[in-house]
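[1] can't give you the sequence, but here's the structure:
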């Protein structure tokens with residue numbers, strides 16, 4: 001897996017693989033190859049999301065105590 005692959009590019013490749021597999025127009029061997037690449041891309045995306053989540057965690061100083069809080073991405 002390319003380490004410099006962006007999350008968005010990995011998701012795009014994963015979506016293309018899913019589309020090809022759903023069509024069913026590829027040989028068994030090619031399907032297995034695509035499936036293996038899809039599993040690898042999925043793991044890569046999960047890792048990138050976990051790394052990003054750790055970066056989003058912010059420290060809040062409250063009553064002289066530090067605690068971690070996940071940054072909400074939803075509009076409040």
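    Perfect, thanks for sending it. The model shown is predicted, which means the values in this text are computed figures rather than measured ones.
[2] Just the element for the nearest residue to residue 34 once chain neighbours are set aside, please.
    In this structure, residue 34 finds its nearest non-sequential neighbour in residue 17, 4.9 Å apart by C-beta to C-beta, 6 or more residues apart in numbering. In short, each C-beta sits where N, CA and C put it, glycine included. Element membership of residue 17, judged by DSSP states H and E, is helix 7-23.
[3] and that helix, which residues are buried?
    10, 13-14, 17 (16 or more other C-beta atoms under 10 Å).
[4] Over to stretch 36-47?
    38, 41, 44-45.
[5] quick check, nearest of these to residue 26?
    Of all these, residue 26 sits closest to residue 38, with 12.4 Å by C-beta to C-beta.
[6] so the closest one makes contact with residue 18?
    Yes - using C-beta atoms under 8 Å, residue 38 is in contact with residue 18, at 6.9 Å.
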